[in-house]
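[1] Just a sequence and a predicted model for now, questions to come.
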Number of protein chains: 2
Amino acid sequence: MGVNTNRVEDLSAFACHETPVKITVPTQTTATTTTAAAVEEEEGEGEEAMPPLELHRVCLPPKRSTFQKLKQRISDIFFPDDPFYNLKDQTGLKKFLLGLQFFFPVLQWGPSYGLHLLKSDVISGLTIASLAIPQGISYAKLANLPPIIGLYSSFVPPLIYSVLGSSRHLAVGPVSIASLVMGTMLAEAVSSADEPILHLKLALTATLFAGVLQASLGLLRLGFVIDFLSKATLIGFMAGAAIIVSLQQLKGLLGIVHFTNQMEIVPVLSSVLKHREECSWQTIMMGFSFLFFLLTTRRISARNPKLFWISAAAPLTSVVLSTIIVFAIKPTARQIQIIGDLPKGLNPPSLSMLYLSGPHLAIAIKTGIVTGILSLTEGIAVGRTFAALNNYQVDGNKEMMAIGLMNIAGSCSSCYVTTGSFSRSAVNYNAGAKTAVSNITMAAAVIVTLLFLMPLFYYTPNVILATIIITAVIGLIDYKAAFKLWKVDKLDFVACLCSFVGVLFISVPMGLAISVGISVFKILLHIARPNTMVLGNIPGTQIYQNISRYREALRVPSFLILAIESPIYFANTTYLQERILRWVREEEDRIKANNEGHIECVILDMTAVTAIDTSGLDLLFELRAMLEKRSLQLVLVNPAGNVMEKLHRSKVLESFGLQGVYLTVREAVSEASSSRKAQP
Amino acid sequence: MGVNTNRVEDLSAFACHETPVKITVPTQTTATTTTAAAVEEEEGEGEEAMPPLELHRVCLPPKRSTFQKLKQRISDIFFPDDPFYNLKDQTGLKKFLLGLQFFFPVLQWGPSYGLHLLKSDVISGLTIASLAIPQGISYAKLANLPPIIGLYSSFVPPLIYSVLGSSRHLAVGPVSIASLVMGTMLAEAVSSADEPILHLKLALTATLFAGVLQASLGLLRLGFVIDFLSKATLIGFMAGAAIIVSLQQLKGLLGIVHFTNQMEIVPVLSSVLKHREECSWQTIMMGFSFLFFLLTTRRISARNPKLFWISAAAPLTSVVLSTIIVFAIKPTARQIQIIGDLPKGLNPPSLSMLYLSGPHLAIAIKTGIVTGILSLTEGIAVGRTFAALNNYQVDGNKEMMAIGLMNIAGSCSSCYVTTGSFSRSAVNYNAGAKTAVSNITMAAAVIVTLLFLMPLFYYTPNVILATIIITAVIGLIDYKAAFKLWKVDKLDFVACLCSFVGVLFISVPMGLAISVGISVFKILLHIARPNTMVLGNIPGTQIYQNISRYREALRVPSFLILAIESPIYFANTTYLQERILRWVREEEDRIKANNEGHIECVILDMTAVTAIDTSGLDLLFELRAMLEKRSLQLVLVNPAGNVMEKLHRSKVLESFGLQGVYLTVREAVSEASSSRKAQP
């Protein structure tokens, strides 16, 4: 038997970095042992001559101190992109300048900015302003805030972003999801109708906390927190939120006066039914006509991206048209609700409005965290999308700091949560924006509006804001992506569905929490129940592959070659032990049924075992002992660097010895065969 | 350039199960292209003749319907051990008998039970009874329950386990950890001193819920829930709990009358200081002498396992001795607290005691869940340990059902939570137990005690129970294992430390929750920040390995070969994209510094990428496009079965085409080189 009970050997051979050991095995042993090659001869296909087998020892990784390892690990966790790489080998002044450029991207593109870029940026800036002004007013209403706050929020944050942000196409301002979530979450604590000032204070405070959270995530380089919102989750979440937002707009669209403050689908629909006699036919007619108009223009632009300006100009056109209509028919159409007086002037400072102590502070912080993470996710995703289209890179952590600082500044100047908006950024990109100057142009257009044009909005009907919101959010329902999820990955689809249903029927934060939970559970399930498979040799090659997938792969007689497709952690050691013993049992049954002799060696291909913990080490130790009791040798193949290191440090490697670890399956097979031949 | 922009090709070649395709490439191309071989010639070591390269297509896994895949996945998740495998190919009656045997393991060993086994089982049964009776009384006090409950719990559950359990060496009864946790958690709701009946009711109800939870986990085959308590967590938890328990015993050991109900270290120590004048010197003297005696016997047995009976007999000896002493000196030693009257008779039924509605139901359910999971973990770990020592297997799910049913039955017969005890099982094993009959013998000894010997415990001093508990739990502090964790895996050590500190200073359930959180976080961190590395060819072989680990591995000119060591999930796509682009950048810088030409092809070795989700698919698609813009070709090597399937279904495979996926790095290198040569 190949089982060697006396295993305390000199293991220094594994420390390849000190003493490289190469063991050359004479040719004759290998020629007789690779039994798969014998089978292959029958097929008579291009046989690969077996060369003299030179054994390569599995190496331990180079020795490093705990401190070095910690440093390496931390740099991998927090600085995967090595952000300061171009500071290396530079002089002091150059380093300082590059550092400034790093923190203020405007210094990178600013000096070389010229007229040729300005033209494009002004055009695109005006285009997004025509979209941002009506959307700003609408989204503020979505967050139950005064409409003017939406305009304020389209002025200060874009200016700050243009200095700090690294994306060239991001159009900054209020967005629908964050507005909706802020409205919903604050509505749980205070009613915006009864206590408008308190509500506004809480919204500004939430904005402050959102900004602080975002900036600190960026500063601490903890950007991976938002990575846990998977795409599948977001698809479901956005679709659910879009439906909730649209239902909320029934109030404006139907002209209902008394409406529920709740957000879930059931109370909203029952509120509509209850107050159906309040509907005004003028409002409904106007609403549906403009909804049709907006959706049609969106459709046209979607079919032909060159006509992007049609849908970009549509909201402002609708606002102007509807305002004129209401102004013209105002004596006969009292039932159409209008915006009314809006204060003129720039953003008033709002530092004194911040609500930093009191019974509602907790809800403000909670709202800040949820809206902060959501807006961060949207802003960074949008930034990355357009960066990828133009082959430049957006630094996630830097973006977080930019978005965070603009929200902190915003909370002190009467702005609520802002981020990069997907719809406006797309328009910006299509309109030919080249740099963040388009954001500055937009801000300038907003100033002009704030200073001089506010009285023009007096007769703007609320119904038009509702149609603008509905048109914007309906585009977030991405049923094609959901269908693709179903086709490609059922569990991702389930996460998507749960987040959709959770948002729709439970609540926005709960829906989000559920789907993050499912996404994490999916990762854990993959670890808890990893794939294991039997490998076979593809005749005439050194390739060992899954025999249920590669028909040409053949089992190697006397060997059971198993591959484990996951790290070995406490969460799966029990499962792996049961599963491996079951593979052994099944193989023994199969061999007995076919009268093929018996297994003598179990080879574990550890290539995909990328990590191991102490429970995993115990598993290998116990598995070896259990198999040895059954007269089976256990051999490990190609353990990864850190796995090898832990095997060594835990002394489990000693129990395997030099004959227990090989670099390739082929070497393990031929060596184990020859050592079996040598021992009678 | 090797970049092929027109990539919509016939991909049917991947479906190897329908149309096996083999492409044989003429020899001359490969001979010129494997550049690493050229380097190797200089070293002049055993060169491996390059055989004609026969390409092996990467196969899709065999086609299966969604239902088949679901079935396979469910069977892998819930039935990894294929529990009914010996029912296959059997007749109906045989199937029924085997099924009965499956559910009642007593039917497996019962029929062949004989006198030769009976002798060993009776001896070991009596030995563990001598341990179980004093421990039962002590542990019940630990849970703030009447001492008699501990004896009741050593009677009914062992009988039920002996019929249903699959372990031969598990000694069933109350255990310290579960007793402690039950005592702590219930103390938060009711005081056992003020409302003893309510407290007992809640304990029985918690036992019922613990049993229901355990049995349902077993029935639903959700045993992997307990796998999430890692060994590292448990080491820290047990050490913390042992210290808390020992501190609680200061009450008995010092003879203090008024003592705090709290469990944390600070209030307990301050309570001791506050009531130090209540200490009685007689109690202290007796306590420390017997503690010394018990610890000495334990030490002797630990050094020489054959003398196991010394430590096994010590607790009963101490009880007898101390009772006699107290009886002898009773007139002068009023200050030594004694157990006093214990009711005679068997377990009274307690169905009417169950507290199934009312304000404290929630705490009973919570206590049941925590103690249920903890006792399950202990019972199954102990069962597995002794099964491994004797080379038989314990079915985790079956054990859960056995333990669950015995707790359900226990809750109706005045027993509190029981499971397999580590200390008593070790004694049982050393005393030569062969089957579960030793549990029956123990139960019989407990009946005799309950029926006839209860008056003898009247003068047993409480201090002796405290010493028995301290001796038992002090063995749970496994500082050697903690040191090993530190040496082998720093993060495991942190989890261990957190659970220790959490239990000691916060609370038992919180400590547990924190350390489960850390263990899960560790898994997520491995996924969020996976290892990536550059591979090089070991000259003269087909082996490609990490160049920073294998000094002999050489970079292949014009190629950057990267290996990713983790599934590609939403949680790491951003990181991977940044990291891969950084590798490319660093390689380009290195090449520029060395004047080595330029990279033309990036090869991703996907062997360790065991799963992918929709975000991961998007990453590959985008990465390919981004690299193509830089005139770099992206090639995948050896995607796992399910990864290949998803690449295919999401159409990402089409963008790579036949020249984008290879089975081995070697084939990818030689093919990409030759296609580059072919195109000018």
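    Received the coordinates, thanks.
[2] Flag the shaky bits of the stretch 201-350 of chain A, pLDDT-wise.
    A:261, A:263, A:333 (pLDDT under 70).
[3] Tell me, what's the model's pLDDT at A:Tyr544?
    The per-residue pLDDT reported for A:Tyr544 equals 88.
[4] and if you look at A:Asp605?
    Confidence score, pLDDT, at A:Asp605: 91.
[5] how about it, what does it touch?
    A:535, A:544, A:561-564, A:637-638, A:665 (C-beta atoms under 8 Å, 6 or more residues apart in numbering or on different chains). All C-beta atoms are positioned from the backbone trio N, CA, C, and that covers glycine.
[6] just checking, what packs against the helix or strand hosting A:Phe96?
    Using DSSP states H and E, A:Phe96 maps to helix A:92-103. Under the contact criterion of 3 or more C-beta pairs under 8 Å, 6 or more residues apart in numbering or on different chains; DSSP states H and E, helix A:92-103 touches helix A:106-109.
[7] need the helices for the stretch 251-400 of chain A, in chain order.
    Along the stretch 251-400 of chain A, counting by DSSP state H, counting those that start in this stretch, helices occupy A:265-274, A:281-303, A:308-328, A:361-389, A:396-411.
[8] Just send those helices back as TSV, with mean neighbour count and distance to A:Trp109 too.
    Formatted as TSV, those follow (neighbours: other C-beta atoms under 10 Å in any protein chain shown; distance: least, C-beta to C-beta, whole Å):
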stretch	mean neighbour count	distance to A:Trp109
helix A:265-274	14	46
helix A:281-303	17	29
helix A:308-328	19	24
helix A:361-389	22	14
helix A:396-411	25	14
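[9] For B:Gly511, find the nearest of the ones you listed.
    Minimum separation from B:Gly511 across the helices of the stretch 251-400 of chain A (C-beta to C-beta) falls at helix A:361-389, 25.8 Å.
[10] If you average the pLDDT over that closest one, what comes out?
    86.
[11] and it with helix A:396-411, angle?
    130 degrees (axes from the mean of the first three to the mean of the last three C-alpha atoms, to 10 degrees).
[12] Local confidence estimate at A:Ala129?
    88.
[13] tell me the SS of the residue in the stretch 501-650 of chain A that chain B sits nearest to?
    Across the stretch 501-650 of chain A, no residue is closer to chain B than A:Phe570, which sits at 3.3 Å (C-beta to the nearest C-beta). Recorded secondary structure, A:Phe570: coil (DSSP: H, G, I helix; E, B strand; the rest coil).
[14] circling back to that earlier point, show me how far the helix holding A:Phe96 is from its chain's centre.
    Helix A:92-103 has its C-alpha centroid displaced from the chain centroid by 31 Å (C-alpha atoms, centre = their mean, to the nearest Å).
[15] Pull out the buried residues from it.
    A:101-102 (16 or more other C-beta atoms under 10 Å in any protein chain shown).
[16] Now it: average pLDDT?
    81.
[17] and it with helix A:396-411, angle?
    Between helix A:92-103 and helix A:396-411, the angle comes out at 70 degrees (the same axes, to 10 degrees).
[18] Chain B versus the nearest residue to A:Gly255 once chain neighbours are set aside, what's the distance?
    Closest residue in space to A:Gly255, ignoring its immediate chain neighbours: A:Thr283 at 3.2 Å, by C-beta to C-beta, 6 or more residues apart in numbering or on different chains. Distance, A:Thr283 to chain B, using C-beta to the nearest C-beta, to the nearest Å: 42 Å.
[19] give me every residue that touches A:Thr283.
    A:252-255, A:335-337, A:461, A:463.
[20] swap in A:Val609?
    Going by C-beta under 8 Å, 6+ apart, A:Val609 touches A:564, A:566-568, A:639-640, A:643.
[21] gap between whichever strand or helix holds A:Met644 and the chain center?
    Element membership for A:Met644 (DSSP H and E) is helix A:641-649. Taking C-alpha atoms, centre = their mean, the mean C-alpha location of helix A:641-649 is offset from the chain mean by 32 Å.
[22] Give me the contact status of the next helix or strand after it with chain B.
    For helix A:641-649, the succeeding helix or strand toward the C-terminus, using DSSP H and E, is helix A:652-656. No: shown here: helix A:652-656 not in contact with chain B (C-beta under 8 Å from any C-beta of the partner chain), separated by at least 9.2 Å.
[23] likewise stretch A:214-228?
    Yes: Stretch A:214-228 reaches chain B (C-beta under 8 Å from any C-beta) through A:223-224, A:227-228.
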